[in-house]
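>>> With the sequence up front, the predicted model follows.
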There are 2 protein chains.
Amino acid sequence: MRVLGVDPGLTRCGLGVVDGGTGRTVTCVAVDVVRTPVDASLEIRLLRLADAVEDWLERYRPEAVAVERVFSQHNVRTVMGTAQAGGVVALTAARRRLPVAFHTPSEVKAAVTGSGRADKAQVTGMVTRLLKLAEAPSPADAADALALAICHLWREPMRARLAEAEARAAELARTHRARLAAAARNATGNR
Amino acid sequence: MRVLGVDPGLTRCGLGVVDGGTGRTVTCVAVDVVRTPVDASLEIRLLRLADAVEDWLERYRPEAVAVERVFSQHNVRTVMGTAQAGGVVALTAARRRLPVAFHTPSEVKAAVTGSGRADKAQVTGMVTRLLKLAEAPSPADAADALALAICHLWREPMRARLAEAEARAAELARTHRARLAAAARNATGNR
């Protein structure tokens, strides 16, 4: 499975394509950072970003897109730009009928380093090692995009199994309730 | 000039098209609220919203789009969805080379009612009166979209004049500095 990881942003947007092999094997296909002009208007920056993502989807044909889930904890203005960028990335993927998953920074850190509180250097170090890269991806947004793709490759099968198990449990509960209701009706009917 | 006002949101997105006439005359062309299914995934909801906006741009051909500028003051999750929706609306307009302007809620309230602290009922009341509507637009998101379009129609000429004046002032300052520099060079050369 091939995944495009996206660390959304207007000033710098990290893009990383990773192939998942058997087991936990992962291979880096492409990684880069897209920048949009700081002095351009917001809608033009969003358009440039959407075009860049569109170009990557066309060129690398990922089967899924993993985007960092943004939290409103830092600078409000930056966070809004990041959320708008993330929305535009999700829309661009949806136009191609690709599934989009959002992972929180701590989910990504936990998946890649084993700790949800790892710092940027630890994440970059593990990404470099896992993908057997000759040098560390730079800037951090590039490493984060690859980490997102890896996180998705490793979490997704588990998430899918969990969703399946939950659907099965819900179905069983539904059947059980229906039988109980039928038994109650019969009991009333026989009275 | 015709403006599409958008009160962005995933659950409810207000859309309102207003024509500006001479002076402060405004006419309502269309108003509605687009809803996206709460149980759909985020990227599908963004896609539905983008398609609806695309449809309105095609049908009503506005010359500009005015979007509410979101602030991270309320529920973080709602705000993120609103920001993502706003980003998708801006992108859809940019794809058609339409200018997009973001106005804050208090700018909209001030433009329509005269007070930046007006409540929802006051905004709806003024919008109904200004557009000479038979009944108040409902829900509030529909009224807000119309208020955004009116705000844009009334603020934009002023904003454009201000930008022009600032550009002229900057040009004058540049000319003045160039002359001073030339005079200084001449003074040095003549010494």
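That came through fine. Residues are numbered from 1 along each chain as shown, chains lettered A, B, ... in the order given.

>>> Any residue of the helix or strand that residue A:189 is a member of touching chain B?
Using DSSP states H and E, residue A:189 sits in helix A:140-190. No - using C-beta under 8 Å from any C-beta of the partner chain, we find that helix A:140-190 stays clear of chain B, coming within 12.3 Å at best. Any C-beta I mention is one placed from the backbone N, CA and C, and that applies to glycine too.

>>> Doesn't residue A:82 lie inside a strand?
No - looking at residue A:82 with DSSP: H, G, I helix; E, B strand; the rest coil, it is helix, so not inside a strand.

>>> That one and residue A:7, how far apart?
Applying C-beta to C-beta, to the nearest Å, the value for residue A:82 to residue A:7 is 9 Å.

>>> Compare the two (neighbour count), which wins?
residue A:7 (29 against 26; other C-beta atoms under 10 Å in any protein chain shown).

>>> That one touches residue A:149, doesn't it?
No - using C-beta atoms under 8 Å, residue A:7 makes no contact with residue A:149, being 10.2 Å away.

>>> Need the overlap of contacts for those two.
By C-beta atoms under 8 Å, 6 or more residues apart in numbering or on different chains, residue A:7 and residue A:149 have no common neighbours.

>>> can I get the CA coordinates of stretch A:104-123 in PDB?
The C-alpha trace of stretch A:104-123 is given here as PDB (Å, rounded to 0.1, in the frame of the first residue of the first chain):
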ATOM      1  CA  THR A 104      -2.900  13.600  15.800                       C
ATOM      2  CA  PRO A 105       0.700  14.600  16.400                       C
ATOM      3  CA  SER A 106       0.900  12.300  19.400                       C
ATOM      4  CA  GLU A 107      -0.500   9.300  17.500                       C
ATOM      5  CA  VAL A 108       2.200   9.900  14.900                       C
ATOM      6  CA  LYS A 109       5.000  10.200  17.400                       C
ATOM      7  CA  ALA A 110       3.800   7.100  19.300                       C
ATOM      8  CA  ALA A 111       3.600   5.100  16.100                       C
ATOM      9  CA  VAL A 112       7.100   6.000  14.900                       C
ATOM     10  CA  THR A 113       9.100   6.400  18.100                       C
ATOM     11  CA  GLY A 114       7.000   4.400  20.600                       C
ATOM     12  CA  SER A 115       6.400   7.600  22.700                       C
ATOM     13  CA  GLY A 116       3.600  10.200  22.100                       C
ATOM     14  CA  ARG A 117       5.900  12.800  23.700                       C
ATOM     15  CA  ALA A 118       8.900  12.300  21.500                       C
ATOM     16  CA  ASP A 119      10.500  15.600  20.300                       C
ATOM     17  CA  LYS A 120      11.100  16.600  16.600                       C
ATOM     18  CA  ALA A 121      14.700  15.300  16.600                       C
ATOM     19  CA  GLN A 122      13.600  11.900  17.800                       C
ATOM     20  CA  VAL A 123      10.900  11.700  15.200                       C
END
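
>>> Which positions in that stretch come out as buried?
The neighbour-count check on stretch A:104-123 (16 or more other C-beta atoms under 10 Å in any protein chain shown) flags A:105, A:107, A:108, A:109, A:110, A:111, A:112, A:113, A:118, A:123 as buried.

>>> I am finished for the moment; much appreciated.
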